[in-house]
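Visitor: Return a 3D structure for these sequence lines:
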Amino acid sequence: MISDYYNETVVIERYTVTADSYGQQVKTWSTVADVLCTIQTRSGDKSVIEREEDIRYNLRMYCDATEDIRQHTDRIVRGSTYYEILALNADLRSNHLQIDLGNDYASRS
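Guide: A predicted model of the protein is given here:
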């Protein structure tokens with residue numbers, strides 16, 4: 001089973017939008033769950049802009065299909081890096097989620 005290969009824990013954060021005292025919308029992130037998973041590198045890209053190296057990876061994460069993970073409101077936190085969920089696919093035959101991640105999320109709020 002794929003769950004035999006789960007070797008790390010990541011944090012799932014979900015945002016909610018509320019109005020501040022001026023009526024402006026504010027996005028607030030909160031932790032939804034700690035999820036046991038495995039993450040594999042799918043591809044990478046390196047560019048140099050004004051002598052600054054920028055390395056971006058596309059990753060694929062696998063976890064149990066019972067996890068409540070949403071593509072448009074959630075992000076993955078692995079250590080100090082935030083990942084955007086690019087695609088979310090459920091493989092119900094194998095009872096796992098396959099989640100494509102992009103690391104160009106920085107620490108945007």
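
Visitor: which of the residues in stretch 19-33 are buried?
Guide: Using 16 or more other CB atoms under 10 Å as the burial criterion, the residues of stretch 19-33 that qualify are 29, 32-33. All C-beta spots, glycine's among them, are computed from the backbone N, C-alpha and C.

Visitor: Looking at those, which are in strands?
Guide: 29, 32-33 (DSSP state E).

Visitor: in this structure, what spans have low per-residue confidence?
Guide: 1-2, 43-49, 53-56, 104-109 (pLDDT under 70).

Visitor: In it, which residue sits furthest out from the middle?
Guide: Distance from the centre of the chain peaks at residue 22, with 31.0 Å (CA atoms, centre = their mean).

Visitor: That residue looks like it's in a strand, true?
Guide: No - secondary structure of residue 22 (DSSP: H, G, I helix; E, B strand; the rest coil): coil, not part of a strand.

Visitor: how about it, what does it touch?
Guide: Residues near residue 22 by CB atoms under 8 Å, 6 or more residues apart in numbering: none.

Visitor: For the spatially closest residue to residue 59 that is not a sequence neighbour, identify the helix or strand it belongs to.
Guide: Excluding the flanking residues, the one nearest residue 59 by CB to CB, 6 or more residues apart in numbering is residue 101, at 4.4 Å. In this structure, residue 101 sits in strand 96-102 according to DSSP states H and E.

Visitor: Okay, now the sheet partners of that strand, with direction.
Guide: strand 52-64 (antiparallel), strand 81-91 (antiparallel) (DSSP bridges).

Visitor: Appreciated, that's everything.
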